[in-house]
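**Q** Using only what follows, build the 3D model:
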Amino acid sequence: MAMAKTGASTTAEASPVPAAEAGPGSAWEAVIGLETHVQLGTSSKIFTCASTTYGDDPNTHIDPVVCGLPGTLPVLNQKVLEYAVKAAMALNLTIAEHSKFDRKQYFYPDLPKNYQISQYDEPIAEDGWIEVEVAEKGKETYTKIIGIERLHMEEDAGKLVHAGSDRLAGSTHSLVDYNRAGVALAEIVSKPDLRTGREAAEYASEIRRIMRYLGVSDGNMQEGSLRCDVNISVRRGPDAPFGTKVEIKNMNSFSAIQKACEYEIQRQIKAYEAGEPVVQETRLWDEGKQLTRSMRSKEGASDYRYFPDPDLGPIEVGAELREGWRAELPELPAAKRHRYAEQLGLSPYDARVLTDERPMADYFEAVVAAGADAKAAANWISGDIAAHVNANRLSYAELPFRPEQLAEMVQLIDTGVISGKIAKEILPELLEQGGSPKAIVDERGLGMISDPAAITAMVEELLAAHPEEVEAFRGGKTKLQGFFVGQLMKKTGGKADPKLANQILIQQLQG
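**A** Numbering: from 1, shown residues only. Sure thing, here's the model as predicted:
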């Protein structure tokens, strides 16, 4: 449908009662599309040098261009174009040879010019896709290709602070903060390929992951750097026409996206089955009450009266510039997941965890490059090390325990110099201070005892000290093996080679 060119999802609108001829009990199917607004991480706004710093006092990052004062002219920020094109390339979109900016007319207090500069019928990029891995508790993980209709550049609006909020406690009016007005956005519009709330949440998560890998956005949903609007309808089966589309706003987490979709799907199904119409509207997700509620009727493209912005010239991205930017793209999350599974032999779960954030993936790859076994490195990084980084709010670049040092520790375990238990004991110190695991082991005499003669002597001494337990074991109480292993480890301070110690212990007990 032509609706795709308005920036709205092609989830589309249709008859108020989809597939009315379908009988009771027919399976309902949700049709979901997302409009994802990504704040591009430039230090200045899209058409002016005003700062984009978050959290400063209201209305301290505005200027005549942001406010649309007479005689001012916008100028496109080159870095915004670069980030938008790189984002589009990472989403497998086709970059337009020619695109332009348009004015989207609407009147609202958070829009100082009474129009928004956006892109309408000639966006910077169209027709792409991403691969999404959908993991849901209790169900098998699967991979799905989600189409992307378009990516276009636009400026953000300001922010309304309403009466009754923390900042306006006891007030009866609203205030406007224009610091966000004019901040650069890339709006990414999916095709209506999503079918569940979980798929919608995973798609949004993958978009955020890709943007963070590229370094074009921090994707911080709490600060509004990534915002998603969901367009959703239901129909009776995959061959039925689309139902009436409803847009949902005000979701600031992936969990909220999933829950809002699941609630709205059930709301629409109940309405249709009760013979009630579903109207095209914009609804808000109420996190406290865990439901959607009506906000306003949904505008159409004609309501915005788009026309080309006369103050901004056409946009042309030449082949040389395009290829230069393409060469700067990093390996993206989906490609890393495949490589980790196929070349390094990691499980899909391990690959997913390690690639969630690029700094973790980079740290892991550096450990493997330093000679560590991939699976062992994955276990340490996704477990103890990730817990330490998160608890202390560190970046992997700030972590004192460097990749080559972790590789050294893994190799000490693999070669039998130390046990995993010893590694666990020295790890907290290494995480706090860094250093050579081998040097610590040598200095403190923590290396494993792997001399068969030495272990045999200790086992013989142990058995001589516990004749009653030996007799009981030989009489059939084989669970006492654990007692002897514990006593041996206690005697050796946990330094006896576990595998060798068990072999010798069994031989002596059975002898």
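
**Q** okay, CA-based contacts and neighbour counts for the rest of this
**A** Will do.

**Q** Run a quick neighbour tally on the nearest residue to Pro403 once chain neighbours are set aside.
**A** Nearest non-adjacent residue to Pro403, counting by CA to CA, 6 or more residues apart in numbering: Val367, 4.6 Å away. If you count neighbours by other CA atoms under 10 Å, Val367 ends up with 24.

**Q** can you check Ser51 too?
**A** Quick note: Ser51 (other CA under 10 Å) scores 18 neighbours.

**Q** tell me which residues in the helix or strand hosting Gln266 are buried?
**A** Per DSSP states H and E: Gln266 is located in helix 254-273. Residues 254, 256-262, 264-265, 268-269, 272 are the ones in helix 254-273 that count as buried (16 or more other CA atoms under 10 Å).

**Q** just stretch 434-441 next, same as before
**A** Result for stretch 434-441 [16+ other CA under 10 Å]: buried residues Gly434, Gly435, Pro437, Lys438, Val441.

**Q** And the pLDDT for Ser225?
**A** You'll see Ser225 listed with a pLDDT of 94.

**Q** To what extent is it buried, counted in neighbours?
**A** Residue neighbour count, defined by other CA under 10 Å, stands at 18 for Ser225.

**Q** what's stretch 317-333 in contact with?
**A** 82, 85-86, 89-90, 96-98, 209-210, 213-214, 355-356 (CA atoms under 8 Å, 6 or more residues apart in numbering).

**Q** which one of the buried residues of helix 254-273 is nearest Arg103?
**A** Ile257 (29.5 Å; CA to CA).

**Q** so that closest one sits right up against Glu202, yeah?
**A** No: Ile257 is beyond contact range of Glu202, at 9.5 Å (criterion: CA atoms under 8 Å).

**Q** Share the number of residues neighbouring Gly275, please.
**A** When neighbours are counted by other CA under 10 Å, Gly275 registers 11.

**Q** in a helix, that's where it is, yeah?
**A** No: secondary structure of Gly275 (DSSP: H, G, I helix; E, B strand; the rest coil): coil, not part of a helix.

**Q** Grab the CA positions of the longest strand seen in the chain and hand them over as PDB.
**A** Longest strand of the chain, by residue count under DSSP state E: strand 142-155. Written as PDB, here are the backbone C-alpha positions of strand 142-155 (Å, rounded to 0.1, in the frame of the first residue of the first chain):
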ATOM      1  CA  TYR A 142      14.100 -19.900  15.700                       C
ATOM      2  CA  THR A 143      15.400 -17.400  13.100                       C
ATOM      3  CA  LYS A 144      13.200 -15.200  11.000                       C
ATOM      4  CA  ILE A 145      13.900 -12.600   8.300                       C
ATOM      5  CA  ILE A 146      12.000  -9.400   8.800                       C
ATOM      6  CA  GLY A 147      11.600  -7.000   5.900                       C
ATOM      7  CA  ILE A 148      12.300  -3.300   6.300                       C
ATOM      8  CA  GLU A 149      10.300  -0.900   4.200                       C
ATOM      9  CA  ARG A 150      12.400   2.200   4.500                       C
ATOM     10  CA  LEU A 151      14.800   4.400   6.600                       C
ATOM     11  CA  HIS A 152      14.500   8.200   6.500                       C
ATOM     12  CA  MET A 153      16.000  11.100   8.300                       C
ATOM     13  CA  GLU A 154      14.000  13.600  10.300                       C
ATOM     14  CA  GLU A 155      14.200  16.000  13.200                       C
END
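
**Q** Which helix or strand lies directly C-terminal to it?
**A** Next along from strand 142-155, by DSSP H and E: strand 159-161.

**Q** Tell me how far that next one lies from the chain's centre.
**A** Distance of strand 159-161 from the chain centroid (CA atoms, centre = their mean, to the nearest Å) equals 27 Å.

**Q** which stretches of the stretch 351-500 of the chain have low pLDDT?
**A** Counting by pLDDT under 70, the low-confidence segments of the stretch 351-500 of the chain come to 451.

**Q** What mean pLDDT does stretch 256-271 get?
**A** pLDDT averaged over stretch 256-271 gives 96.

**Q** Contacts for that stretch, please.
**A** For stretch 256-271, contacts defined as CA under 8 Å, 6+ apart pick out 28, 30, 196-201, 230, 232-234, 248, 251, 277-278, 285, 287, 290-292.

**Q** quick one: which of those sit in strands?
**A** Ala30, Val230, Ile232, Ser233, Val234, Ile248, Met251, Trp285, Leu291, Thr292.

**Q** For the first one, give me its contacts.
**A** Same thing as Ala30. Leu194, Arg195, Thr196, Ile232, Ser233, Val234, Arg235, Ile265.

**Q** State the distance from it to Ile257.
**A** Ala30 sits 14 Å away from Ile257, going by CA to CA, to the nearest Å.

**Q** same thing with the fourth one?
**A** Relative to Ile257, Ser233 is positioned 15 Å away (criterion: CA to CA).

**Q** Kindly report the same for the last one.
**A** The spacing between Thr292 and Ile257, counted by CA to CA, is 11 Å.

**Q** Okay, buried residues for the one helix or strand Leu430 maps to please.
**A** Per DSSP H and E, Leu430 falls inside helix 420-433. For helix 420-433, a neighbour-count test (16+ other CA under 10 Å) marks Ile422, Ala423, Leu427, Leu430, Leu431 as buried.

**Q** Do I have it right that the fourth one meets Pro400?
**A** This points to Leu430. Yes: with contact defined as CA under 8 Å, Leu430 reaches Pro400; the gap is 7.4 Å.

**Q** picking up where we left off before, let me know the closest of the buried residues of stretch 434-441 to Lys491.
**A** Val441 (18.5 Å).

**Q** mind listing what that closest one touches?
**A** Contacts of Val441 (CA under 8 Å, 6+ apart): Ile418, Gly447.

**Q** List phi and psi for it.
**A** phi -60, psi -50 (degrees, to the nearest 10).

**Q** Next: the one 5 residues further on.
**A** The phi and psi values for Leu446, taken as degrees, to the nearest 10, are phi -100, psi 0.

**Q** Use 33 as the first number for this chain going forward.
**A** New numbering, starting at 33: the last item is Leu478.

**Q** Please list all residues in contact with it.
**A** Contacts of Leu478 by CA under 8 Å, 6+ apart are Ile450, Ile454, Ile472, Lys527.
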